[in-house]
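Colleague: Sequence first, then the predicted structure, then my questions.
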Amino acid sequence: MKLIVGLGNPGTRYSKTRHNVGFLAIDKLAEFFKVKSFKSENNYIFSDTEYKEETIVLMKPLTYMNLSGTALQEFYEKYEVEKKDILVIYDDVNIDFGVLRLRPSGSDGGQKGMQSIIYHLQDENIARLRIGIKNNEELEKFLSGDKYDLAGYVLSDFTPGEMNSLGKILDTSVNAVVSYIENGLTVSMNNYNRNILEDPKPLSPTTE
């Protein structure tokens, strides 16, 4: 089993915000795997499907971002998924819009959802796909004195210009996840850790 978790905040108010790019990636993955519906549990929704003899589970926590670990811990304990088979997708305000970063482990980097997951699972060795949302021009609008209102920034909507590029970013994120499932993390890191708006290849999720 591979568990792919996308982080975000539930509700239409947050649906087009930068902080919900993990949810948007799960929606794109659902299209790729032809998932028709999600099942509801107390703190998350999920759907499972078979892909090349592997069970793939797509999951969205419904706890709001800073409690994402509560939902993941519940799934982890109920379905006994192995930590090495979990991949978490989330936004990262520290890397530029258009950049993807797959990693096998690491700190939370200040991202509250990942912080919650590391706390609840008591482990930093959780694979993750970070999708960059940093836009310096837009970020300047959230500068107050000598500090940025990062919470306000991540909870703001993507600009129309960003929306024009978001589809390519999400499609490539899907390819990166499928590559992770088929080829493993190391191959996928080598292929997809870059600014995909400047360097769009590879277009295929496989190495064939």
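Modeller: Structure's in. What do you need?

Colleague: part of a helix, is Lys141?
Modeller: Yes. Applying DSSP: H, G, I helix; E, B strand; the rest coil, one finds Lys141 inside a helix.

Colleague: Report the contact partners of the residue nearest to the spatial centre of the chain.
Modeller: Nearest residue to the geometric centre of the chain (CA atoms, centre = their mean): Ile89, 1.8 Å. Ile89 makes contacts with 4-7, 21-22, 25-26, 128-129, 131, 173, 177, as judged by CB atoms under 8 Å, 6 or more residues apart in numbering. For glycine as for every other residue, the C-beta is placed from the backbone atoms N, C-alpha and C.

Colleague: pLDDT wise, what is it at?
Modeller: Predicted confidence (pLDDT) for Ile89: 98.

Colleague: A helix includes it, no?
Modeller: No. Counting by three-state DSSP, Ile89 is not found in a helix; it is strand.

Colleague: Rebuild the contacts of Ile89 as CSV, extending it with secondary structure and distance to Met59.
Modeller: Shown next, in CSV, are those (DSSP: H, G, I helix; E, B strand; the rest coil; distance: CB to CB, whole Å):
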residue, secondary structure, distance to Met59
Ile4, strand, 7
Val5, strand, 5
Gly6, strand, 7
Leu7, coil, 10
Val21, helix, 16
Gly22, helix, 10
Ala25, helix, 12
Ile26, helix, 7
Arg128, strand, 14
Leu129, strand, 14
Ile131, strand, 17
Ser173, helix, 16
Val177, helix, 13
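
Colleague: how much space between the residue sitting furthest away from the middle of the chain and Lys84?
Modeller: Distance from the C-alpha centroid of the chain, by CA atoms, centre = their mean, peaks at Gly145 (31.1 Å). Distance, Gly145 to Lys84, using CB to CB, to the nearest Å: 44 Å.

Colleague: same check, this time on Thr55
Modeller: 15 Å.

Colleague: Run through the strands of this protein in chain order.
Modeller: 2-6, 39-40, 44-51, 54-61, 86-96, 100-103, 127-134, 143-144, 147-148 (DSSP state E).

Colleague: Looking at the ones you listed, which is nearest to Glu31?
Modeller: strand 54-61 (10.7 Å; CB to CB).

Colleague: any idea of the angle the closest one forms with strand 86-96?
Modeller: Computed by axes from the mean of the first three to the mean of the last three CA atoms, to 10 degrees, the angle separating strand 54-61 from strand 86-96 equals 60 degrees.

Colleague: what's the average pLDDT for strand 54-61?
Modeller: For strand 54-61, mean pLDDT rounds to 97.

Colleague: how many degrees apart are it and strand 2-6 in direction?
Modeller: Using the same axes, to 10 degrees: strand 54-61 against strand 2-6 is 20 degrees.

Colleague: going forward can the numbers begin at 780, since that is how I track them
Modeller: Got it, first residue is 780 now, which makes that one strand 833-840.
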